[in-house]
Structures are given as C-alpha cells and as structure tokens.
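[1] attaching a predicted model along with its sequence, questions to come.
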Amino acid sequence: MGAAEKTDETMLVTLTRGDLKALVVEATMQAVKQVSKPLTAWTDVATVAEHFVVSPQTIKNWIVKHGAPARRVDKEYRIKLAEFEAWYDAHQPQRGR
C-alpha cells in the first residue's frame, strides 16, 4: 500500500489509484453484505435494536410485554427481522387522531 508519514498530531498517507480503488471496493462489498442480509434469516436482539435505533432492552420489552415475535434459544432471543418489522408496523399507534 502507499507510504505513510507521521507528523506531530496528524498522519499523512499517500495512496496510489490502485490502493484507493481496492479500499473503495472493500468498503462497498462490506456495505453490500450489511444491506443484503436476508430479512428471513434469524438474528439477535442487538441487530434488531440497531435496525430500529432503540436499545436492546427495548426490543426485549416489546417481546416480553407486547408479544413481538421472537423465539427463545437457550438464554437468548432469535428474531426474524421481516416478521418483527411486520409486527412493529401493525402495532404502531395511529398518528393524527
């Protein structure tokens, strides 16, 4: 990869076009993997919480107190994101009434 030079508080990195292209391709591939996770796959509470931008405890509360769809596996919940999103959409309060 390119050369690096460190000064007092900054670091200057010189990249070739090839290096830059490789970094962009790698970052793009990682982003595509995140976006293209199948909605039907089982996932964990932390991932669902990140998706809905709430805390993992909020997701657990929705499951326990409000009947959000999830399966208990050992001591953890496993969730199908598509099912959870459908439940969430159906249980949102109507605004503007």
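    Arrived safely, thanks for sending. Numbering: from 1, shown residues only.

[2] ok, which stretches of this structure are helices?
    17-35, 45-52, 56-66, 81-90 (DSSP state H).

[3] pull out the buried positions in the longest one.
    Okay, so that is helix 17-35. Within helix 17-35, no residue qualifies as buried by neighbour count (16 or more other CB atoms under 10 Å). C-beta coordinates here come from the backbone N, C-alpha and C atoms, glycine included.

[4] as CSV, the helices of the chain with distance to residue 72 and mean pLDDT would be great.
    As requested, those are exported to CSV (distance: least, CB to CB, whole Å; pLDDT from 0 to 100):
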stretch, distance to residue 72, mean pLDDT
helix 17-35, 26, 81
helix 45-52, 11, 93
helix 56-66, 9, 95
helix 81-90, 15, 92
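
[5] okay if I get these as a markdown table plus distance to residue 11?
    Below are the helices of the chain laid out as a markdown table (distance: least, CB to CB, whole Å):
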| stretch | distance to residue 11 |
| --- | --- |
| helix 17-35 | 15 |
| helix 45-52 | 30 |
| helix 56-66 | 35 |
| helix 81-90 | 39 |
